[in-house]
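Need the 3D shape of this:
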Amino acid sequence: MVATEVPIVLASSSPRRQELLRGLGLPFTIQPSAADETVEDNVTPARYVEILAQRKAQAVGRIQAQRTLVIGSDTVVVLDDNILGKPADEEEAFRMLTCLQGREHTVYTGVCVLDTAGKERTGHVATRVFIRPLSEERIRSYIATGEPMDKAGSYAIQGYGATFVSRMEGDYFAVVGLPLHLLSDFLEEFGVQLF
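Predicted coordinates:
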């Protein structure tokens, strides 16, 4: 376990982000953010995820009683300049997966590390993902597992959805939900040495 002088809080209820952060050996607590996730329409996907990562970290940072490092993150899937969030229902998941199959899309993940003493770093990672052609039957069977229902773009690269990915260019961990190389760079700027 890495020793840190300042407590770390993850502003997310995502089990995937929690698992990735645990993998770094960092002690941390979890405080999901209730930040407003509405972003104006004319924002690039890169800026979109940065705004939301920052907003989540700031919302959790405001309620800390002591100096804390807060980690916020947000992930979106982008196809043809359209942001695909989490599906509202199974039919929306089916529409998203039908659009993604046989094509390339980009996953953007933003991360923000906020020191409640006043400093903050925000950035993003973009990863190209290629989904192989899929039959309607395979898509429906995947949706029946329930896995797509709380995932941006309606698939999980770390679950059954991995079988849909023919190749990827970029950061796997960013697609899962937390770009570890960017996060570690930011943490080092705040004095957290991973090794």
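
Let me know the secondary structure of the residue nearest to Leu183 when sequence neighbours are not counted.
Nearest non-adjacent residue to Leu183, counting by Cβ to Cβ, 6 or more residues apart in numbering: Val111, 5.4 Å away. From N, CA and C alone the C-beta is placed, and that goes for glycine too. Put simply, Val111 is strand when judged by DSSP: H, G, I helix; E, B strand; the rest coil.

check contacts around Val111.
Neighbouring residues of Val111 by Cβ atoms under 8 Å, 6 or more residues apart in numbering: 53, 71-73, 122-125, 178-179, 182-183, 186.

Tell me how far it lies from Gly159.
22 Å (Cβ to Cβ, to the nearest Å).

do Gly61 as well
As judged by Cβ to Cβ, Gly61 and Gly159 stand 31 Å apart.

per-residue confidence for the closest residue to Pro148 other than its chain neighbours?
What sits nearest to Pro148 in space, not counting adjacent residues and going by Cβ to Cβ, 6+ apart, is Ser154, at 3.9 Å. Looking at Ser154, its pLDDT is 94.

Could you do the one 4 residues further on as well?
Gln158 is assigned 91 on the pLDDT scale.

Verify the stated contact: it with Arg16.
Yes. If you go by Cβ atoms under 8 Å, Gln158 and Arg16 touch, sitting 6.3 Å apart.

hey, what's in contact with both of the two?
Common neighbours of Gln158 and Arg16, using Cβ under 8 Å, 6+ apart, are Val176.

that older thread, mind listing the residues bridging to the residue nearest to Leu183?
Ser73, Gly123 (DSSP bridges).

any idea how far it lies from Ala57?
Using Cβ to Cβ, Val111 is found at 9 Å from Ala57.

for Gly85, same thing?
For Gly85, the distance to Ala57 (Cβ to Cβ) stands at 19 Å.

Which residue of these two possesses the greater neighbour count?
Ranked by neighbour count (other Cβ atoms under 10 Å), Gly85 and Ala57 place Ala57 first, with 30 against 15.

Next, give phi and psi for the more buried one.
Torsion angles at Ala57 (phi, psi; degrees, to the nearest 10) stand at phi -60, psi -40.

before we move on, back to that, between Gly61 and Gly159, which one's more packed in?
Gly61 (22 against 15).

Looks like the more buried one contacts Val70 (just checking).
Yes. Taking contacts as Cβ under 8 Å, Gly61 lies within contact range of Val70: 4.6 Å.

How is Tyr48 assigned, secondary-structure-wise?
helix.

ok, it - contacts?
Residues near Tyr48 by Cβ under 8 Å, 6+ apart: 39, 74, 76, 83, 108, 110.

part of a strand, is the fourth one?
The one in question is Ile83. Yes. Under three-state DSSP, Ile83 falls within a strand.

Just give the number of residues close to the residue lying closest to it once chain neighbours are set aside.
Closest residue to Ile83 apart from its sequence neighbours, by Cβ to Cβ, 6+ apart: Val76 at 4.9 Å. By other Cβ under 10 Å, 22 other residues sit near Val76.
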